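Trainee: Could you work out the structure for the sequence below:
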Amino acid sequence: MSSLATLEPKTSELERWERRVHLGAHPVLYPLIRGLGYRRPVQRIPGLGILVSEAGLLREVLMDNERFVKQGPSASGGLWTPVVGPRALLNMDGAAHLEMRRRLGGVFTARSVAGIVEPAAARLREQLGRELPAGRRVDLVGAVKELSGGVIARILGLAEDAPGRLPDRELFDLGSSITSLVRLGRHELTPAQAAKARTAVELLAGPARTAYRNGVPGTFPGRLRELGMSEQEAVGVVSAFVIVGTETLVSFIPRIVAVLADAGRLPALAADRSGLPAAVNEGLRFTVPSPMMLRDAVDSGTLGGIRFRAGDRLLLSTVHAAKSLGGFDPERTLPPHARQLWFGAGPHFCIGMPLAMAQINSTLESLLDLYAQRPWGVVSRRVKRRVLIPGYETLELANA
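Mentor: Predicted coordinates for the structure are as follows:
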C-alpha cells in the first residue's frame, strides 16, 4: 500500500502541523485509515470493522437509525452503558432516544447557554488580559482546560462558592480520566476500566444529584427535573455532556487558533469579525475534532458496494471524509452532504452544539480583542501522543 505522503498533495506548514497532530495521536491508524480512504469509499478491515470514508455514505449511515445503531455492543454507546447506565442520551436509539431529545429541545437556548459558559469565559478573558499584555506566555491548552472545567461545574449545578467545590482544572481532569480509557480498537471497557470510569462519574454525579434533589432553580440538573426526568436519567444526561464535550473542545480551540495563526488570518479577523463564523466552521471541517464515529449494523444489506451483516461494526472516518475535501479555506462552499458532518447527522446530531460553539466563540473573541490591541502569535507547541482525540499537549501564545 502507498504511504500517506505519496497519496496526499504537497501541503503547507499549516497542514503539516495538523498532520503532526493526527500522527501524534494515531501514528499507525491515521496513515492506514487515510490511505485506505483514498482507495475505496467502503471496505472491510479484519479485526476492526467496515471502514466508511466518503462523506455522502457516512451521512447515509448516520441518517439510518433503523439499520445502524449507536447503542450496539461495539458501537460508541455500548462502551458507555456500563459506566453511565442505559439512559444517558449518547447510548440511546429509537423512540426512547427521540423522546429524550424532544424533552431536551429547549434546554440549550441562547440565554441558558450564556449562563453556563459566561462565568468560566469571564475568568479566561481575565487571565488572557492579564498575562499577554504583561509579556508573559499563556499555554492556551491549559487555559481552555480551565474553561472546560468551569463549564462542567455549571452543568453539574455547582455554585462558584459551593463548599468543597473542586477547582475547575480538577473537574476537567476528572472528566478527562473517563474519556482517556477509550481506544479506537477497543470494543468494550475491561471490568477494571469500567469500574474506574464509574468511580469518576459518581464523583461528578454527586453535585448533580444534590442539585436535582433540591430542585435548585437555574441549575442544569434542576432544569432536567422540571422537564420530568428521573434522577437517574438526569445524572445520565449530565454525565453524557461531561464525557462527550470534555476532550473534543479542548482539542479544537487550540487547534483552530493555531490554524488561524498559521494561515495568517488573525489580522483580518481582529479588524473585522464578519468572517469569524465561516473561519470557525471551516476550522471544524479541517481539524475534525471527532475523527471517527462508530455504529453497529443490526440488519444486512449493501453500502458502497460492500455487503454488511447484522453485528458488523462500522467505523465512520469523519477525518477522511472531511479532509479529502481539501486544505483550509474559509471561502469554500461545502457540498450539502458534508456540511457539519463533524457534529454528526440525523437523530444523533450533536444536541450540545450550541454549548460548544459558545465556548469556541467566546475564547476566539477574547483572543481577537487582545490581538487588535497588540498582536500575539504562537511561540511554541507540542502535540499529544497516543490519545483518542488528536490535539496539542501545549500551545503557547505570546505578544509579538
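Trainee: Would you mark the buried spots in stretch 68-83?
Mentor: 68-72, 74-83 (16 or more other CB atoms under 10 Å). (Glycine included, C-beta is placed from N, CA and C.)
Trainee: Check stretch 34-47 too.
Mentor: Result for stretch 34-47 [16+ other CB under 10 Å]: buried residues 34-37, 41-42.
Trainee: how long is it from one end to the other?
Mentor: End-to-end distance for stretch 34-47, by CA to CA, to the nearest Å: 17 Å.
Trainee: ok so, going back, from the buried residues of stretch 34-47, which land in strands?
Mentor: V42 (DSSP state E).
Trainee: and which of the buried residues of stretch 34-47 is nearest A400?
Mentor: For these, the closest approach to A400 (CB to CB) belongs to R34, at 34.6 Å.
Trainee: related to what we said a few turns ago, dump the buried residues of stretch 34-47 into JSON lines; add pLDDT and distance to G94 as well.
Mentor: Formatted as JSON lines, these follow (pLDDT from 0 to 100; distance: CB to CB, whole Å):
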{"residue": "R34", "pLDDT": "93", "distance to G94": "33"}
{"residue": "G35", "pLDDT": "93", "distance to G94": "36"}
{"residue": "L36", "pLDDT": "91", "distance to G94": "31"}
{"residue": "G37", "pLDDT": "91", "distance to G94": "30"}
{"residue": "P41", "pLDDT": "96", "distance to G94": "28"}
{"residue": "V42", "pLDDT": "97", "distance to G94": "25"}
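Trainee: isn't L124 right next to T363, touching?
Mentor: Yes. Under the criterion of CB atoms under 8 Å, L124 makes contact with T363 at 6.4 Å.
Trainee: which residues are common contacts for those two?
Mentor: Contact criterion CB atoms under 8 Å, 6 or more residues apart in numbering; residues shared by L124 and T363: 144, 147.
Trainee: For E126, give its distance to R339.
Mentor: 36 Å (CB to CB, to the nearest Å).
Trainee: between the two, who's got more neighbours?
Mentor: R339 (15 against 11; other CB atoms under 10 Å).
Trainee: and the more buried one, what pLDDT?
Mentor: Per-residue confidence for R339 comes out at a pLDDT of 92.
Trainee: burial measure for N65, as a count.
Mentor: Other residues lying near N65 total 18 when counted by other CB under 10 Å.
Trainee: Name all residues that make contact with the closest residue to it other than its chain neighbours.
Mentor: Sequence neighbours aside, P347 is the residue nearest to N65 in space, at 5.0 Å (criterion: CB to CB, 6 or more residues apart in numbering). The neighbours of P347, taking CB under 8 Å, 6+ apart as the test, are 65, 93, 97-98, 101.
Trainee: PyMOL command for the buried members of these?
Mentor: Remark: buried members of the contacts of P347, expressed as a PyMOL selection using 16+ other CB under 10 Å:
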select buried, resi 65+93+97
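Trainee: wait, which of the contacts of P347 is closest to G215?
Mentor: Nearest member of the contacts of P347 to G215, counting by CB to CB, is R101, at 23.1 Å.
Trainee: Quick check: closest non-adjacent residue to that closest one.
Mentor: For R101, ignoring the flanking residues on the chain, the nearest one in space by CB to CB, 6+ apart is I351 at 6.2 Å.
Trainee: contacting residues for the residue of the chain positioned farthest from its centre?
Mentor: Within the chain, the residue lying farthest from the chain centre (CA atoms, centre = their mean) is A134, at 32.2 Å. By CB under 8 Å, 6+ apart, A134 lies in contact with nothing.
Trainee: what's the closest of the buried residues of stretch 34-47 to H26?
Mentor: Nearest member of the buried residues of stretch 34-47 to H26, counting by CB to CB, is R34, at 9.9 Å.
Trainee: and the nearest residue to L388 once chain neighbours are set aside, what pLDDT?
Mentor: Leaving aside its chain neighbours, L388 sits nearest to V182 (5.2 Å; criterion: CB to CB, 6+ apart). On pLDDT, V182 comes in at 71.
Trainee: For the stretch 151-300 of the chain, which residues score under the pLDDT cut-off?
Mentor: 183-187 (pLDDT under 70).
Trainee: Could you pull out the buried residues of the one helix or strand A258 maps to?
Mentor: In this structure, A258 is located in helix 231-262 according to DSSP states H and E. By neighbour count with 16+ other CB under 10 Å, helix 231-262 contains the buried residues 232-262.
Trainee: Heading C-terminal from that helix, find the next helix or strand.
Mentor: Following helix 231-262 toward the C-terminus (DSSP H and E): helix 266-271.
Trainee: And R20, how close does it get to R273?
Mentor: 29 Å.
Trainee: ugh, typo on my part, it should be P289
Mentor: Relative to R273, and taking CB to CB, P289 is found at 22 Å.
Trainee: Looking at these two now, which is surrounded by more residues?
Mentor: Counted by other CB under 10 Å, P289 and R273 do not tie: P289 has more neighbours, with 23 against 16.
Trainee: quick one, phi/psi of that one?
Mentor: phi -60, psi -20 (degrees, to the nearest 10).
Trainee: residues contacting it?
Mentor: 248-249, 251-252, 255, 342, 389-390.
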